[in-house]
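Engineer: Generate coordinates for the sequence data below:
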Amino acid sequence: KMGQTIQTNAEGVSVDRGFIAHYHIPGEDAPPASSDGVLPATNLGAEAQEITAGISNPAVPRNIRIDGNVDGITGKVKITGTNFAGKVITEEIQANGTTAKDGNLAFRTVTKIELPIQDHTPAQQTETIQVTKGCSTAGDITVTITATTLLGEESGAQVTVTLSATEHDTAAKVATAIVEALNEDDVISAVFTASVTGVGEDTVTLTANEPAANDSSLAIAVTAGSTGVTFGSSTNGTSGVPYDKISVGWGDKLGLPYFLTHNTVLAAYLNNTLEATAATVTVDANDLENNTIDLHSDLNGTAVDIYLIV
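Structural biologist: Numbers count the residues shown, from 1 in each chain. Sure, this is the predicted structure:
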């Protein structure tokens, strides 16, 4: 306890006693910094959200980190939780696109995360191709869907459509047959939904099932053979825009279990090795959550030992 005094060699002068404290954190409680250890990437929406479920806590008090999935995310994330002593604390951290942003306070628990509204409106990418002439000679046509990002290894997936000169003699009927074949294909329908559009119902529109980053390679190609069917060019429609997402994790700052008026840390060890460069220590005599230590080396899942005078 502070306040107990010890004698000095000076007459009539005594000083407070000091104690060497050893704060040990096992390796399993000191994992590397994480962008999503508290909350996995979560879709933002047109309205702000309050999340209280599905939250994980750092093993020991640490500062909070947020991260976005696309450039241009600028909203503030409000974190509510408790400090080392169980007192309720809050902190706002402003997002900066895909740059991870760290808070300063050491949270023992996180009880609520308030996410901002989206900065971008998500959109499902579309591509169209118009059938300009129906079938005049029975035969097969091949429709190829290229989408190196959205389909990945399955880019270049093909469907074969068998046409009849009597059943598919108009552009609209050919478009309907193509749409049915695309939607029946397991590979293509897992990513896209095809539909018949256009004034003459003669246009095939391919729509991504989910909002995602725009795939500039998306294209529809048709080999018509000798069927007499003709097509316009594959045309970009709506550009794909992914959901804005924010994830929440923890940074490299560890909370200290003491109110400190100044930096009394004597040494810090990572994996039983003395840190050659002194840690960055923040102190506060009034708010426990502001007392933190950031080792010069990144935490890596090995033991941390901190020695300080209290």
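
Engineer: contacts, neighbours, all on C-alpha from now
Structural biologist: Will do.

Engineer: Need the three-state assignment for Glu210.
Structural biologist: Assigned by DSSP: H, G, I helix; E, B strand; the rest coil, the conformation of Glu210 is coil.

Engineer: Likewise for Gln130?
Structural biologist: Look at Gln130: counting by three-state DSSP, its state is strand.

Engineer: what sits opposite the closest residue to it other than its chain neighbours in the beta ladder?
Structural biologist: Spatially, and ignoring its direct neighbours in sequence, Gln130 is nearest to Thr203 (4.1 Å; CA to CA, 6 or more residues apart in numbering). With DSSP bridges as the criterion, Thr203 is bridged to Gln130, Thr197.

Engineer: show me what contacts Thr203?
Structural biologist: 128-131, 172, 175, 196-197 (CA atoms under 8 Å, 6 or more residues apart in numbering).

Engineer: between those, which is closest to Arg17?
Structural biologist: For these, the residue nearest Arg17 by CA to CA is Thr128; the value is 79.7 Å.

Engineer: Hmm, Thr205 and the closest one touching each other?
Structural biologist: Yes: taking CA atoms under 8 Å as the definition, Thr128 is a contact partner of Thr205 at 4.4 Å.

Engineer: show me where the stretch 51-200 of the chain has helices.
Structural biologist: For the stretch 51-200 of the chain, helices defined by DSSP state H, counting those that start in this stretch occupy the ranges 171-184, 186-189.

Engineer: Taking the contacts of Thr203 together, which two end up most distant?
Structural biologist: Greatest spacing in those, by CA to CA: Thr128 and Ala172 (14.0 Å).

Engineer: Now Gln124: closest residue in space that isn't a chain neighbour?
Structural biologist: In space, and not counting its chain neighbours, Gln124 is closest to Pro211: 4.3 Å by CA to CA, 6+ apart.

Engineer: Could you measure from that neighbour over to Ser155?
Structural biologist: In this view, Pro211 and Ser155 are 18 Å apart by CA to CA, to the nearest Å.

Engineer: Excluding sequence neighbours, find me the nearest residue to Thr193.
Structural biologist: Spatial nearest neighbour of Thr193, chain neighbours left out: Thr207 (5.3 Å); criterion: CA to CA, 6+ apart.

Engineer: looking at the sheet around the one you found, what are its partners?
Structural biologist: As for beta bridges, Thr207 partners with Thr126, Thr193 under DSSP bridges.

Engineer: Enumerate every residue touching it.
Structural biologist: Counting by CA under 8 Å, 6+ apart, Thr207 makes contact with 124-127, 192-194.

Engineer: Adding distance to Ala106, write those residues out as CSV.
Structural biologist: Listed next are the contacts of Thr207 as CSV, based on distance: CA to CA, whole Å:
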residue, distance to Ala106
Gln124, 40
Gln125, 42
Thr126, 46
Glu127, 49
Phe192, 45
Thr193, 47
Ala194, 51
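
Engineer: where's the residue positioned nearest the centre of the chain relative to Ser35, distance?
Structural biologist: Closest residue to the average C-alpha location of the chain: Ala41 at 3.7 Å, with CA atoms, centre = their mean. From Ala41 across to Ser35, the span is 9 Å (CA to CA).

Engineer: Spit out the residues that contact those two alike.
Structural biologist: Residues touching both Ala41 and Ser35 (CA under 8 Å, 6+ apart): 247-248.

Engineer: got any ranges where this protein has weak pLDDT?
Structural biologist: Residue ranges of the chain with pLDDT under 70: 1-3.

Engineer: In contact with the nearest residue to Lys245 once chain neighbours are set aside, which residues?
Structural biologist: What sits nearest to Lys245 in space, not counting adjacent residues and going by CA to CA, 6+ apart, is Asn43, at 4.5 Å. When contacts are counted by CA under 8 Å, 6+ apart, Asn43 touches 243-246.

Engineer: Apply 10 Å and report the result again.
Structural biologist: Contact analysis of Asn43 by CA atoms under 10 Å, 6 or more residues apart in numbering lists 49, 69, 115, 117-118, 122, 242-247.

Engineer: Same check on Phe231?
Structural biologist: By CA under 10 Å, 6+ apart, the contact set of Phe231 is 129-134, 171, 202-203, 221-224.
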